[in-house]
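**Q** here is a sequence with its predicted model. Questions after.
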Amino acid sequence: MKVWKALGTRPPTFKWRLFSQSTGWKRAAIVNCVLLCVASIILLSLTITTSVRAHVRERGIQALWLFFEGQCNDKSITYVNFILHLLLNIFSTLMVSLKTGNLLASTNFFTQILNAPTREDIDAAHAHDSAFEIGVSSIRNLFKVPKFKGFCWLGLLITSIPIHVFFNSTIFETEYRVPDYRLTIATEKFVNGAPFFPPGASLMTADTIASNYLGTAVGFRHGAPASVREYKDKNSTAMRHLSSIRNMARTWDKLEISQCISEYHTEAREQYSGLSRHRDLVVVIDKPDGWIRSQMWNLSEPIPYQIFGPGASLVPSNASNHLFFDTACNWYNCSRLFQPFEDYPEESNSFFSFSKSVEPSIYYSLREGSDKLKALYCLADSSEFTCHVGLSPALLLIVTLSVVIKSGIALLVTYILPRQDKNPLVTIGDTIASFIEKPDPNTAGFACFDLTLRYIIAEPQAWQKRTGLRWAVIPRSVWIRSYTLFLSVVTICILASMFVAQSYHLNVPCNTYTLLDGVLLANSPQLLLSLSYLAFNDLFTRLQVGREWARYRANYYPLRVTDPQGMQESTYRLQLPYKYSVPIIAVSVLLHFLLSNTTYVIVSSGGYFVQEYWEVGDVAGLPPETAVIVGYSRKALLTLTVVAVVLLAAPLYLGDKQLPQDMVIVGCNSLTISAACHASTLSQAATVQTVQEQHKTTPQRYSFTNIQPVGSDESISMDSISMLQSHDIETIAVGNDDVLARIARSKIRWGVVQMPSRWSQLCTEGEEDVGHLSFGVEKDGVLPPEPGRRYV
C-alpha cells in the first residue's frame, strides 16, 4: 500500500486484477460480459418505464406507448423514427455480428468459442478417425464438443432469434390514411367566389342515383352526392361544405392533372392505398363562362326529365353555373369521375358515357359537346394529419428476456471454461501451434494427406503438384448444401416477384393483426435470410482459412493466435479480416433492410383500413380507427432478388484463385492440419528465438535462457516405435518439447525439413531419399517439395 501511495496511484481492484491477468479470448469474454450486462440493465429499465407509461396493468401486455407526436407532413416524425431505428440496428448488430478492434460482439464471439474444440477434444476424435472443423461455426462440431458447450451454443443461437425478428419492430411509426374525401368539379371562377347552383350543371343528386333507371350503375362510379332536400337547405352539411370549398380551395395545393390522377384514381394506380397527403379535391375545368342548363340539356323526353328533373328544379334555365358536380367519395366508388380526364377513346371520354348502356335516351338528351370536360389542374386540401412514434412493451420484453438469458449464458461460459484449463483452438493459428508443440501420433506419417485425396496409406508417398483452385479448400458437401439454400431463397424471391406482379390488390391487405402477430408475419422471412447469411459467411471464412494456410508456403510468417507467445501475432479477429468481414456485414445490413421494406408492418390511423369487411381489433394505446396490417413492396422485392442473384457469384469468384502447387490443401479439417504439423526437432528455432527475444521489451510467459541450441542428431533423444505399425506413436521425446514450442512461436514456413537419422530408420524402414514435410524456421532452410520424390 505504501508503494502505491508513493506512486500517487490507487492499488488495482480485484476486478481490474482479474481483467489484467486474463489473456486471449478470456479477456475479450470479460469485456463482452460487461457489455451484455450493461445492455440488460438498460433494456430492463426501458421495459419497466415503457410498461408503466403504456399502462400495461390496465390495458394488457399488448398495450402500446405513443411517446412522440407530430404532423405527418413534418419531417420530425421521420427523423425521430430513423434515428431510433439506426440506434436499434447498431445495438442489435453489436449484440450479434459486429466486432470492434480486438472485441468481437457477444453472440458471434461466444458461439465461435463454444464451437471451437480443445486439444483434448481433437485427440479423442482423431483416435476414432473423426475430425473437427477449425475456424468456423460448424454443426458437425456441436455433436462432438462437451454437452455443456453444445447447450450453451444452442442457447445463444436461440436467444438471437428474437433480436433478429422483434427488435427492429419494437419502435414503430404510425401513419394516417383516410378512405374518404369530397370531390368537386367546377370552373376556376368557382374557387374565386363566383355564384353557383347546386347540384351543379350535371344535375346529378342522390335522387338521380336512386332512380330505377340508373340504380347502382351510376352510384358505384360517381360517389354519393347529396339529395335534393339537402341542397334546398342552405344550412345543410352539403351546402356548408360547398361554401367552404368555394372560399378556401384557392389556398390548397395545386396539382397537375397527372399528379391528381396518380394520387386519387384507383384504376390508374392499380392499387389504391388511401390518402395520406391530401383529402378533399377540386378539379378545375376549362370553362370560363360556366354552364347554362338550357344550352346543355334537352329534358323534353319523359325519362331524362324523370331522372334529372329534381336536380333541374334547383338550377335556373339560363343562368351561368360554375359548379358542375359535387359528391362524397371513398377509395372505390369515384373511379368513373376521373375517366374524362384521361386518354380514353373519344366515345368513352365523357362524364355521361355510362348512359349509353344503361339508358340511351339520357345520353342523347345532352346538347352536342356539352358533356366533354377539359381539366386544367386540381386543388387538393393538405390536411394536417397527426402521426406518432410508438413503442411496444410486449416486443421489448421479449427482446429484454433474450438479452438477459444471453448475458447469463455468457457469464456462465466465462466463469466455467477458464477453470477447465482447456483452451479452445479457435483459429487455424491456434491449431497449428498446438499440433507443432504437441504432435498428434494418430496422424504421423501422413504429411502428403490433404482434401484432394480420397484415401492414403501410412507409407512414403510420391509428391504430386496440386493444381486445385481455392474453392478446393471447401468440401463438396458444403458447397452443395450452401448453394441449395441460396438457390432456394432466390427461387422463393423470383416466385414471390411473379406472384406480386400478377396480384392486382396485393398491397391492400385482407386482414388486420395485433402488432405482435403482424411483426411475426412480416419478419419471419428474416430468419431464412439470417440462415443464408450464416452459410454465406461460412463460405468466406473457409476460403480465408485456405488463404491463410497457403501463405505459409510463400514465405515465413508468424502464427496468428488468440493468446500470442514469442513472435506470434495477436489476432484482431477470430477469422475473417476486415476487408471481408466489413463488406459482408454491410451486405447483411443491406439485405435485411431490403427485406424489411419488402414485407413490413403498417400501423395506420385515419380509418382507411377500417372497412366493414375487415375485422379490426381494439389495439390499446392507439388512436381510434387504427389498424395494424402487413404491407408489401414490389420494388423492394425485385431489388432484393437482383442483389441476391449477384451475391451468389461472390464466393465462386473468390474461390477461382490458384492455390500453391507445392503445398497440401487442408481446409478446416483438423486431421489434415495435424498431419502437416509434425515438425523436426533438428530445427534451428532455439538459436533464432534466443537472439530475437533479447530484443523484446515485453515479458514473455516462457523463458528459454537455459535451453541449449539443438543442431545435431546426437542431441536428440527419441523413444518411439514405427508409425507404420501403431497409432500410439511418440514422435517427440521428453526434453524436446521446448524445441517444438520455439518453432510454433517463430516465423515459420511449410515444406521439406530435415529429420533426425533415428527418425528415418524408424519411419521409412531404412529407405533412402524419403523426405518429410512440415513447418520450419528460416534457418532451417525450408524447401518446396520436389515432384516425384517420396515424403512421409
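**A** Nice, thanks for sending it over.

**Q** can you pull out the strands in the stretch 551-700 of the chain?
**A** Secondary structure of the stretch 551-700 of the chain by DSSP state E, counting those that start in this stretch: the strands cover 560-561, 569-570, 599-605, 627-632.

**Q** could I get those strands in a markdown table, plus columns for mean neighbour count and distance to Ser477?
**A** Any C-beta I mention is one placed from the backbone N, CA and C, and that applies to glycine too. What follows is the strands of the stretch 551-700 of the chain, written out as a markdown table (neighbours: other CB atoms under 10 Å; distance: least, CB to CB, whole Å):
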| stretch | mean neighbour count | distance to Ser477 |
| --- | --- | --- |
| strand 560-561 | 22 | 27 |
| strand 569-570 | 12 | 32 |
| strand 599-605 | 22 | 32 |
| strand 627-632 | 22 | 36 |
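
**Q** now do the same contact list for the most centrally placed residue in the chain.
**A** Against the mean C-alpha coordinate of the chain, by CA atoms, centre = their mean, the closest residue is His592 at 2.2 Å. Neighbour list for His592: 526, 529 [criterion: CB atoms under 8 Å, 6 or more residues apart in numbering].

**Q** which among the strands of the stretch 551-700 of the chain is found nearest to Glu384?
**A** strand 599-605 (13.4 Å; CB to CB).

**Q** what would the strands of the stretch 551-700 of the chain look like in a markdown table with distance to Phe325?
**A** Output for the strands of the stretch 551-700 of the chain, formatted as a markdown table (distance: least, CB to CB, whole Å):
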| stretch | distance to Phe325 |
| --- | --- |
| strand 560-561 | 78 |
| strand 569-570 | 79 |
| strand 599-605 | 30 |
| strand 627-632 | 32 |
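
**Q** and Arg182, which of the ones you listed is closest to it?
**A** Across the strands of the stretch 551-700 of the chain (criterion: CB to CB), the nearest stretch is strand 599-605, sitting at 19.9 Å.

**Q** what strands line up against that closest one, and which way round?
**A** Sheet pairing of strand 599-605 (DSSP bridges) gives strand 171-176 (parallel), strand 627-632 (antiparallel).

**Q** can you dump the C-alpha atoms of that strand in CSV for me?
**A** The C-alpha coordinates for strand 599-605 follow below in CSV (Å, rounded to 0.1, in the frame of the first residue of the first chain):
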residue,chain,number,x,y,z
THR,A,599,-42.7,-7.2,-46.1
TYR,A,600,-43.4,-4.7,-43.3
VAL,A,601,-45.8,-3.7,-40.6
ILE,A,602,-48.1,-0.7,-41.1
VAL,A,603,-49.8,0.9,-38.1
SER,A,604,-52.3,3.1,-39.9
SER,A,605,-54.8,5.6,-38.4
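
**Q** hmm, who's touching it?
**A** Applying CB under 8 Å, 6+ apart, the external contacts of strand 599-605 come out as 169, 172-177, 274, 386-387, 390, 515, 518-519, 521-523, 525, 609, 622-633.

**Q** report the distance from that strand to the chain centre.
**A** Distance of strand 599-605 from the chain centroid (CA atoms, centre = their mean, to the nearest Å) equals 19 Å.

**Q** same check on stretch 650-662?
**A** Centre-to-centre, stretch 650-662 and its host chain are 28 Å apart (CA atoms, centre = their mean).

**Q** ok, Ile398 - contacts?
**A** Contacts for Ile398 (CB under 8 Å, 6+ apart) come out as 162, 166.

**Q** what helix or strand is it on?
**A** Here Ile398 sits within helix 393-416, counting by DSSP states H and E.

**Q** ditto for Arg182
**A** Using DSSP H and E, Arg182 sits within strand 181-187.

**Q** now do that strand: which elements does it pack against?
**A** helix 237-248, strand 281-285, strand 323-329 (3 or more CB pairs under 8 Å, 6 or more residues apart in numbering; DSSP states H and E).

**Q** can you rerun that using 7 Å?
**A** When contacts are defined as 3 or more CB pairs under 7 Å, 6 or more residues apart in numbering; DSSP states H and E, strand 181-187 packs onto strand 281-285, strand 323-329.

**Q** now do the longest one against strand 181-187, angle only.
**A** Interaxial angle, strand 323-329 versus strand 181-187 (axes from the mean of the first three to the mean of the last three CA atoms, to 10 degrees): 170 degrees.

**Q** quick one: buried residues of the helix holding Ile398?
**A** Applying a neighbour-count criterion of 16 or more other CB atoms under 10 Å, one finds 393-411, 413-414 buried in helix 393-416.

**Q** ok, stretch 52-63 next?
**A** So for stretch 52-63, counting by 16+ other CB under 10 Å, buried means 54, 56, 62-63.

**Q** out of these, who's nearest Ser137?
**A** When the buried residues of stretch 52-63 are compared for distance to Ser137 (CB to CB), Gln62 wins out at 35.6 Å.

**Q** quick one on the thing from earlier: out of the helices and strands packed on strand 181-187, which comes closest to Ile161?
**A** Across the helices and strands packed on strand 181-187, Ile161 has its closest neighbour in strand 323-329 (45.3 Å, CB to CB).

**Q** just checking, Leu314 is part of a strand?
**A** No: counting by DSSP: H, G, I helix; E, B strand; the rest coil, Leu314 falls outside a strand, being coil.

**Q** just give the nearest non-adjacent residue to it, would you?
**A** Leaving aside its sequence neighbours, Leu314 sits nearest to Tyr231 (CB to CB, 6 or more residues apart in numbering; 5.7 Å).

**Q** kindly report the same for Val283.
**A** Ile185 (4.9 Å).
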